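**Q** Can you look at this prediction? I've put the sequence above it.
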Number of protein chains: 4
Amino acid sequence: MAAGVHVLPVEIRFGDCDPAGIVYFPRFFDFFHQTMETWFPAHLGFPYAEFVRERKLGFPAVHTEADFARPCRFGETVEVRQRVLALGRSSITFGYAIHGLSDDADLRATGKSVCVVMNLDERSPEHGRAVAMPEELRARIEAFGVSPS
Amino acid sequence: MAAGVHVLPVEIRFGDCDPAGIVYFPRFFDFFHQTMETWFPAHLGFPYAEFVRERKLGFPAVHTEADFARPCRFGETVEVRQRVLALGRSSITFGYAIHGLSDDADLRATGKSVCVVMNLDERSPEHGRAVAMPEELRARIEAFGVSPS
Amino acid sequence: MAAGVHVLPVEIRFGDCDPAGIVYFPRFFDFFHQTMETWFPAHLGFPYAEFVRERKLGFPAVHTEADFARPCRFGETVEVRQRVLALGRSSITFGYAIHGLSDDADLRATGKSVCVVMNLDERSPEHGRAVAMPEELRARIEAFGVSPS
Amino acid sequence: MAAGVHVLPVEIRFGDCDPAGIVYFPRFFDFFHQTMETWFPAHLGFPYAEFVRERKLGFPAVHTEADFARPCRFGETVEVRQRVLALGRSSITFGYAIHGLSDDADLRATGKSVCVVMNLDERSPEHGRAVAMPEELRARIEAFGVSPS
């Protein structure tokens, strides 16, 4: 897998699927978020839970979108591929693509989330506000790779 | 409706249902919790969110169970009926029954949750521990009605 | 409320919220879908479950997006307002806005879903394909009102 | 790990957790079901999706319960251990225990589900009814191991 791509395999469970036997579409946004969570320990050097609980920062989405090409069915394993499309002063844009397992041609969905670096410290005057990306974190994200497509 | 019963009508949504077209069973425990949440403003005089956020208390379950008699299908409206089965020093036991709308004979599921009064105040030495039920709250619950069946 | 707007009040439950105490963002897409489900009986004359189960049709999303302006917190009631932005031969575009209760200025999120009319009949040669919007349904949607903003 | 125990590691995600930062309790029943789903290919020789879609059988719960000893927190990895406690003519009873990773003493929750073998074939006169466990499946389950504790 090329540098700058983080992959999370996802087994589609019974409870992910709707009466049509395919993934209920809001679940895809949970898959995207799970992929982002696992990107932290895999590529940034610390778990997302530490980011939230100890550093009191989070990456809430201010915009998110998805395009659905083909359904994902109960019992399949798919992979969610995440790239970083853009890195701003206090924002980060993730791109997502869901593929059938290891098959580049078998595209199921694509997505994008624009997130801000949010101060989650209830005792801080900046609580609930977007703050600048910490420099150490920015350096690690740049090392992972940022590319617009 | 008799005293001592709190009722929440629930419309079964597409997203509540699994590939068999019926409610995915973990959702029933969410329906039970939603019923408990709406019981607070309806019968105890203040919202559950105030209980959690301002009084820093919660009712986490230490035991929960359900028996499923007949499925609930996408598109139905059912009602969840909640009673208080027991009230201890620092615990409360809820009984639940899910019926087809206003039809006592059409029983779908029953359940029970034993909850403790939990201190949620992170600055308190009793954080995360079961504490005595506040007397004012106990009085309101007794006024609602406690009965073992 | 103006013609052409369907509103679903949503009480934000404990289980809708994440460790930051606000709605976990994939839930908003479930709120959008629930609003669409309740629009059927309120404005089109039959329930969404009948559309799916008896007419063997569905409205799966091919594109969906949301912008988040301000969080929705545990214990709040918000309203989801749905409009029909466009009506194609076999597609329909919904616009969504989530507001604090009855307060037009208190905008929390906006969204959009482009859905296709999908044949869900497993015995049909057109199963899983987009089909033309049935004329009777088109007439009812036009009576509800279609407007690009 | 002893014969007769199937284990699913579960990473506790942000979206599994409630405003108290711990797993929202209905999620545990989804963890139990996911564990049962992965037991099929690991120990019975075919995926649960094949059981449901091709054999037109399912294991819906008629009873389920859980006891919660200690919370599971966002960012942890736990393991769900499943045993088969009993095997009837048309029913199966699963026992569950959730532990901190690889630490037998760190018990978080236990659970039990009584499931029936259900005919899911809409064209069958037995649709929606409990049916006898297929002999080949029974043999594989007995080979996995059945023990009351």
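**A** Nice, I can see it. Note that the structure is predicted; figures quoted are calculated from it, not measured.

**Q** Only C-alpha atoms from now on, for both contacts and neighbour counts.
**A** Will do.

**Q** Can you name the residues that contact the closest residue to residue A:37 other than its chain neighbours?
**A** Taking C-alpha to C-alpha, 6 or more residues apart in numbering or on different chains, and ignoring the residues beside it in sequence, residue A:37 has residue A:48 as its nearest neighbour in space, at 5.5 Å. Taking C-alpha atoms under 8 Å, 6 or more residues apart in numbering or on different chains, we find residue A:48 in contact with A:37-38, A:40-41, D:75.

**Q** Just these: which are in helices?
**A** Among these, the residues falling in helices (DSSP state H) are A:37-38.

**Q** Can you go through the contacts of residue A:48 and name the buried ones?
**A** In terms of neighbour count (16 or more other C-alpha atoms under 10 Å in any protein chain shown), the buried residues within these are A:37-38, A:40, D:75.

**Q** For those, name the two members farthest from one another.
**A** Spatial extent of those (C-alpha to C-alpha) is set by the pair A:40 and D:75 at 11.3 Å.

**Q** Are there residues contacting both of the two? Which ones?
**A** Counting by C-alpha under 8 Å, 6+ apart, the contacts common to residue A:40 and residue D:75 are A:47-48.

**Q** residue contacts, residue A:47?
**A** A:37-38, A:40-41, D:75.

**Q** In TSV, list these along with pLDDT.
**A** Conversion of the contacts of residue A:47 to TSV gives the following (pLDDT from 0 to 100):
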residue	pLDDT
A:37	98
A:38	98
A:40	97
A:41	97
D:75	95
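
**Q** Closest one to chain C out of these, please.
**A** Nearest to chain C, judged by C-alpha to the nearest C-alpha, of the contacts of residue A:47 is residue D:75 at 11.3 Å.

**Q** what's the spacing between residue A:138 and residue A:92?
**A** Distance, residue A:138 to residue A:92, using C-alpha to C-alpha, to the nearest Å: 10 Å.

**Q** With neighbour numbers in mind, choose between these two.
**A** Summary of the neighbour comparison: residue A:138 and residue A:92, criterion other C-alpha atoms under 10 Å in any protein chain shown, with residue A:92 having more neighbours (21 against 18).

**Q** Please report the distance of that one from chain B.
**A** 30 Å (C-alpha to the nearest C-alpha, to the nearest Å).

**Q** That residue sits in which helix or strand?
**A** With secondary structure defined by DSSP states H and E, residue A:92 is part of strand A:91-100.

**Q** likewise residue A:29?
**A** Residue A:29 belongs to helix A:26-39, assigned by DSSP H and E.

**Q** Please save the CA atoms from stretch A:67-85 in CSV.
**A** The C-alpha trace of stretch A:67-85 is given here as CSV (Å, rounded to 0.1, in the frame of the first residue of the first chain):
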residue,chain,number,x,y,z
ASP,A,67,-21.1,8.9,-2.5
PHE,A,68,-22.4,5.4,-2.8
ALA,A,69,-21.5,3.4,-5.9
ARG,A,70,-22.4,-0.2,-4.9
PRO,A,71,-23.9,-1.7,-1.7
CYS,A,72,-21.9,-3.5,1.0
ARG,A,73,-23.7,-6.7,2.0
PHE,A,74,-23.9,-8.6,5.2
GLY,A,75,-21.0,-11.1,5.5
GLU,A,76,-18.6,-9.2,3.3
THR,A,77,-15.2,-7.9,4.3
VAL,A,78,-14.4,-4.5,2.8
GLU,A,79,-11.5,-2.1,3.4
VAL,A,80,-11.8,1.6,4.2
ARG,A,81,-8.8,3.5,2.8
GLN,A,82,-8.1,6.9,4.3
ARG,A,83,-5.9,9.7,2.9
VAL,A,84,-5.3,13.2,4.2
LEU,A,85,-6.4,15.6,1.5
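
**Q** Going by neighbour count, list what's buried in that stretch.
**A** A:67-68, A:71-75, A:77-85.

**Q** ok, that stretch near chain C or not?
**A** Yes - using C-alpha under 8 Å from any C-alpha of the partner chain, stretch A:67-85 reaches chain C at A:67-69.

**Q** Which pLDDT value belongs to the most centrally placed residue in chain A?
**A** Taking C-alpha atoms, centre = their mean, the centroid of chain A lies closest to residue A:36, which sits 3.2 Å from it. pLDDT, the model's per-residue confidence, is 98 for residue A:36.

**Q** likewise residue A:2?
**A** 56.

**Q** What count of nearby residues applies to residue A:144?
**A** Neighbours of residue A:144 under the rule other C-alpha under 10 Å: 17.

**Q** Not counting its neighbours along the chain, what's nearest it?
**A** Leaving aside its chain neighbours, residue A:144 sits nearest to residue A:4 (5.1 Å; criterion: C-alpha to C-alpha, 6+ apart).

**Q** what secondary structure does the one you found sit in?
**A** Using DSSP: H, G, I helix; E, B strand; the rest coil, the secondary structure recorded for residue A:4 is coil.

**Q** was I right about it contacting residue A:149?
**A** No - shown here, residue A:4 and residue A:149 do not form a contact pair, counting by C-alpha atoms under 8 Å, at 10.8 Å.

**Q** That concludes my questions; thank you for your assistance.
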